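> How does the following fold in three dimensions:
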Amino acid sequence: LGCWDAITNALLDLLAAVFVFNAMQSAHTLLALLVSAGSITFYHLYDGGRMSVRLDWQFVSFAVIFPLTYFIGEGYKRRDFALQQLANIK
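Below is the predicted model:
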């Protein structure tokens, strides 16, 4: 009986995660997904694949990680500011 409880709990957790993930999606998310997939497909199919270049992964990682860490930091600053404003109300 304990095994079935564990399986049921795992399935409920998975279902809750899928529900939350779907609730966070919007039209902008779908648009970004379509533009990304379309540009990759176009790049792959255009000109027989002769358009490829050797890309430095250090540049790619910098271009992804720097904005990501910046926006996470800004999110925490906004959260702290909102919590301070909430504390001032009380």
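> to the chain's geometric centre, what's the distance from the lowest-mean-pLDDT helix or strand in the chain?
Every helix and strand of the chain was ranked by mean pLDDT, DSSP states H and E. The lowest is helix 27-45, at a mean of 86. Centre-to-centre, helix 27-45 and its host chain are 15 Å apart (CA atoms, centre = their mean, to the nearest Å).
> Now for the residue positioned nearest the centre of the chain: which residues touch it?
Closest residue to the average C-alpha location of the chain: Thr29 at 9.3 Å, with CA atoms, centre = their mean. Thr29 makes no contacts at all, as judged by CB atoms under 8 Å, 6 or more residues apart in numbering. All C-beta atoms are positioned from the backbone trio N, CA, C, and that covers glycine.
> Quick check: it vs Arg79, distance?
Here Thr29 is placed at a distance of 22 Å from Arg79 (CB to CB, to the nearest Å).
> Quick one: neighbours of Leu11, just the number.
When neighbours are defined as other CB atoms under 10 Å, Leu11 has 10 of them.
> swap in Ala16?
Neighbours around Ala16, by other CB under 10 Å: 10.
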